[in-house]
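*Asks:* Make a model of this:
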Amino acid sequence: MEFSNPVLVWGGVGVVLMLAEVIVPGGIVILLGAACLVVAGALWVGLVEGLPQAFTLWFISAMVLLLAFRSVTQRLVGGDSHVDNTDEALDIYNQLALVKADIGPGEKPGRVEFQGAEWPALGDGSLIASGAKVRVICRENISLIVENLGEK
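*Replies:* Numbering: from 1, shown residues only. Modelled structure (predicted):
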């Protein structure tokens, strides 16, 4: 078997790329492999000669296949379409936290336990004692702004 035969090289690369779709799902790699098979077919028939023409045909056929069949492969393959909230302020608003070190009086920062970690916290100026439950209003730099719930 001759490995310098361009038809076999393009065909082999195409098959490897199409099989790689199992490892790298998403529907793109299989279309790039199909473009390699188009080039291998064109080389075998004699429509294309030489490396520059082969790469040009591969590029053009890959673009056409990607534009034409990307939505089809996405529906067949699927994928993660879940979009998380990117606004942290909305995620922390109105959540409960536990005061670990007294907050206040005045602008004296304290510490709260929030989502499994300790954070510096600021209150409304009144004393919020350790052990109290507070509601998170917002975050300012690395400190949480909290309000006292009046519970202990």
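*Asks:* Can you report phi and psi for G33?
*Replies:* With angles defined as degrees, to the nearest 10, G33 sits at phi -70, psi -40.
*Asks:* Kindly provide the distance from it to G46.
*Replies:* 22 Å (Cβ to Cβ, to the nearest Å). Using the backbone N, CA and C atoms, a C-beta is placed for each residue, glycine as well.
*Asks:* cool, and G14?
*Replies:* Going from G14 to G46 by Cβ to Cβ gives 18 Å.
*Asks:* And the two? Which one has more around it.
*Replies:* Neighbours per residue (other Cβ atoms under 10 Å) separate G14 from G46, with G14 holding more: 22 against 7.
*Asks:* And the protein, what are its domain boundaries?
*Replies:* 6-77, 92-148 (automatic domain parsing).
*Asks:* Tabulate those in TSV, adding columns for mean pLDDT.
*Replies:* Shown next, in TSV, are the domains of the chain (pLDDT from 0 to 100):
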stretch	mean pLDDT
domain 6-77	88
domain 92-148	89
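*Asks:* what about the longest strand in this structure?
*Replies:* For the chain, the longest strand by residue count, based on DSSP state E, is strand 133-140.
*Asks:* Counting neighbours, which bits of that strand end up buried?
*Replies:* In terms of neighbour count (16 or more other Cβ atoms under 10 Å), strand 133-140 has its buried residues at K133, V134, V136, I137, R139.
*Asks:* Report all helices and strands that it contacts.
*Replies:* Here strand 133-140 touches helix 88-92, strand 96-101, strand 143-148, going by 3 or more Cβ pairs under 8 Å, 6 or more residues apart in numbering; DSSP states H and E.
*Asks:* Fine by me, we can end here.
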